[in-house]
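Asks: give me the fold of what follows.
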Amino acid sequence: MPENNEVVIEIETEKENIKKPDFLIDESEVETDASDEMEAETEERTIETVEAELEALKEDFKKQLEAVAEAEREQYEAERERLLRTAAEAENSKRRAETEAQKQLKFANKNIMDGLIPVLDSLAAAIKSVDGKVESSETASDLSNFSEGVQLVHKQLLDVLKGHGLIPIEAAAGEPFDPNRHEAVFATDSDEVSEGNVIEEFRCGYQLHDQVLRAAQVVVSKGKSEKQPPSEDRKEQGTEDATEE
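Replies: Numbers count the residues shown, from 1 in each chain. The predicted model follows:
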């Protein structure tokens with residue numbers, strides 16, 4: 001009996017020592033390997049996804065920074081342009097104010113000049129009137145002295161006014177008519193003066209600096225007159241015309 005038991009034990013031991021074939025792999029081992037591979041793949045995909053997301057975040061952040069920088073640059077340029085325009089407008093306003101002040105100062109005595117011009121006219125008329133009577137008057141010497149005195153007063157007054165910017169506008173015979181400085185009193189025929197030119201000055205004009213206060217009054221030439229032939233010539237011309245007919 002004991003021998004039989006020993007045989008049974010040996011058989012059981014041999015069974016345990018028999019190695020399983022390769023194709024009879026344990027299912028638990030297969031599942032473990034597959035799980036490890038899936039975890040590895042999942043981990044690899046997760047890393048790639050995170051890296052892609054990080055790259056996308058970097059790109060988005062870069063774009064946002066560029067957009068903010070561009071907006072700030074545009075705001076800076078707009079503010080700079082506004083300040084430059086404000087400065088330019090202020091400078092222009094300052095220049096206009098200075099120009100207006102200079103103009104007002106320049107023509108501050110315009111009303112005084114307007115009031116004194118008739119005085120100059122009266123003195124000039126008095127001089128002409130006296131000069132015309134000196135030769136025919138018995139008191140020629142007294143009139144001559146008076147004329148000289150009036151001329152002196154006229155000259156002194158005119159010199160003072162010239163010092164304040166008053167300029168006489170004188171029109172010489174033969175000078176072209178200038179509508180900006182001359183006023184035509186009337187026009188007449190003239191064989192000596194070309195059409196559109198001044199024949200004579202009727203009254204002197206004046207300007208304050210570059211502003212005309214009163215234009216010079218002048219007589220303007222209409223050019224040579226178209227003369228009719230004498231009456232005898234017209235008769236002869238008529239006779240010749242009748243003969244020819």
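Asks: what are the structural domain limits within the protein?
Replies: Here the domain parsing of the chain from automatic domain parsing is 27-106, 108-164, 166-226.
Asks: tell me the most buried of those domains?
Replies: Among the domains of the chain, domain 166-226 has the highest mean neighbour count (mean count of other CB atoms under 10 Å), at a mean of 16. For glycine as for every other residue, the C-beta is placed from the backbone atoms N, C-alpha and C.
Asks: could you give the mean pLDDT of that domain?
Replies: Per-residue pLDDT over domain 166-226 has a mean of 91.
Asks: stretch 82-91 now?
Replies: For stretch 82-91, the mean per-residue pLDDT is 89.
Asks: do the same with stretch 106-114
Replies: Stretch 106-114 comes out at a mean pLDDT of 81.
Asks: surely Ile117 is in a strand?
Replies: No - according to DSSP: H, G, I helix; E, B strand; the rest coil, Ile117 belongs to no strand; its state is helix.
Asks: which one is it nearest to, not counting chain neighbours?
Replies: Distances taken as CB to CB, 6 or more residues apart in numbering put Tyr206 closest to Ile117, at 5.6 Å, once the chain neighbours are dropped.
Asks: other SSEs contacting the helix or strand where Leu120 lies?
Replies: Assigned by DSSP states H and E, Leu120 falls within helix 110-133. Helices and strands touching helix 110-133, by 3 or more CB pairs under 8 Å, 6 or more residues apart in numbering; DSSP states H and E, are helix 140-163, strand 205-208, strand 211-214.
Asks: as a check, name the ranges of all strands in the chain.
Replies: With DSSP state E as the definition, the chain shows strands at residue ranges 166-169, 182-188, 198-203, 205-208, 211-214, 216-221.
Asks: return the list of helices and strands in contact with the longest one.
Replies: On a contact count with 3+ CB pairs under 8 Å, 6+ apart, strand 182-188 meets strand 198-203, strand 216-221.
Asks: as JSON lines, those strands with distance to Leu157 would be great.
Replies: What follows is those, written out as JSON lines (distance: least, CB to CB, whole Å):
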{"stretch": "strand 198-203", "distance to Leu157": "17"}
{"stretch": "strand 216-221", "distance to Leu157": "19"}
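Asks: do you know which of those strands lies nearest Ala88?
Replies: strand 216-221 (43.1 Å; CB to CB).
Asks: packing partners for the closest one?
Replies: Under the contact criterion of 3+ CB pairs under 8 Å, 6+ apart, strand 216-221 touches strand 182-188, strand 198-203.
Asks: dump these into JSON lines; add distance to Val68 as well.
Replies: Compiled in JSON lines, those are given as follows (distance: least, CB to CB, whole Å):
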{"stretch": "strand 182-188", "distance to Val68": "71"}
{"stretch": "strand 198-203", "distance to Val68": "76"}
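Asks: which one of the helices and strands packed on helix 110-133 lies closest to Arg73?
Replies: Between these, strand 211-214 lies closest to Arg73; by CB to CB that is 51.7 Å.
Asks: returning to what we had before: turn the helices and strands packed on helix 110-133 into JSON lines, including distance to Asn92.
Replies: Converted to JSON lines, the helices and strands packed on helix 110-133 look like this (distance: least, CB to CB, whole Å):
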{"stretch": "helix 140-163", "distance to Asn92": "33"}
{"stretch": "strand 205-208", "distance to Asn92": "27"}
{"stretch": "strand 211-214", "distance to Asn92": "24"}
